[in-house]
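Visitor: Just the structure for this:
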Amino acid sequence: MRQNPVGLALLYATALCLFAIGTFGWFGSERDPLAGVFLMPLGLPWNQLLDNVPSPLLPWIGMGAPLLNLLLIWLICRRRLAL
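Guide: Predicted structure coming up:
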C-alpha cells in the first residue's frame, strides 16, 4: 500500500491561503488577528519551541513549521516504501 502525505499538503495549502486572506484582507474580507489559527496544529510540536525567537520572525517560522512536518512525513513514507 502506497502512502504519501498529500492530505497533509492540501490541509497546509488551505491553511496558508486562509492565513494570507485573513492577514492581508484579500477578496474584500476584513483583517483577522486569528487568521493563523489553522496553521498552529499543523506545525506542532515545532511551534512550541519558538520562545526565544525575535517577534518579526514569528509569523514566518510559524508558516514554515508545517513544512517541516510535511518533509518529515514524506521522508518516513519514502523510507518505508524502500524497505
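
Visitor: Kindly provide the whole-number mean pLDDT of the helix or strand hosting residue 21.
Guide: Per DSSP states H and E: residue 21 is located in helix 6-24. Mean pLDDT, computed over helix 6-24, is 86.

Visitor: likewise stretch 58-78?
Guide: 86.

Visitor: just how off-centre is it within its chain?
Guide: 7 Å (C-alpha atoms, centre = their mean, to the nearest Å).

Visitor: quick one on the thing from earlier: got the buried residues for the helix holding residue 21?
Guide: Along helix 6-24, these residues count as buried under the neighbour rule (16 or more other C-beta atoms under 10 Å): 11-12, 15-16, 18-19, 21-22. Every C-beta, even on glycine, is put in place using the N, C-alpha and C of the backbone.

Visitor: Repeat that for stretch 69-83.
Guide: Buried-residue list, stretch 69-83, by 16+ other C-beta under 10 Å: 69-70, 74.

Visitor: Also compute the angle for the helix ranked longest in the chain relative to helix 6-24, please.
Guide: The residue-count maximum for a helix in the chain (DSSP state H) belongs to helix 58-82. Helix 58-82 runs at 170 degrees relative to helix 6-24, counting by axes from the mean of the first three to the mean of the last three C-alpha atoms, to 10 degrees.

Visitor: Quick one: list the elements packing against helix 58-82.
Guide: Where contact means 3 or more C-beta pairs under 8 Å, 6 or more residues apart in numbering; DSSP states H and E, helix 58-82 is packed against helix 6-24, helix 39-42.

Visitor: what's next to the shortest one, contact-wise?
Guide: The list of residues contacting helix 39-42 from outside it, by C-beta atoms under 8 Å, 6 or more residues apart in numbering, reads 8, 11-12, 15-16, 19, 47, 62-63, 65-66, 69.
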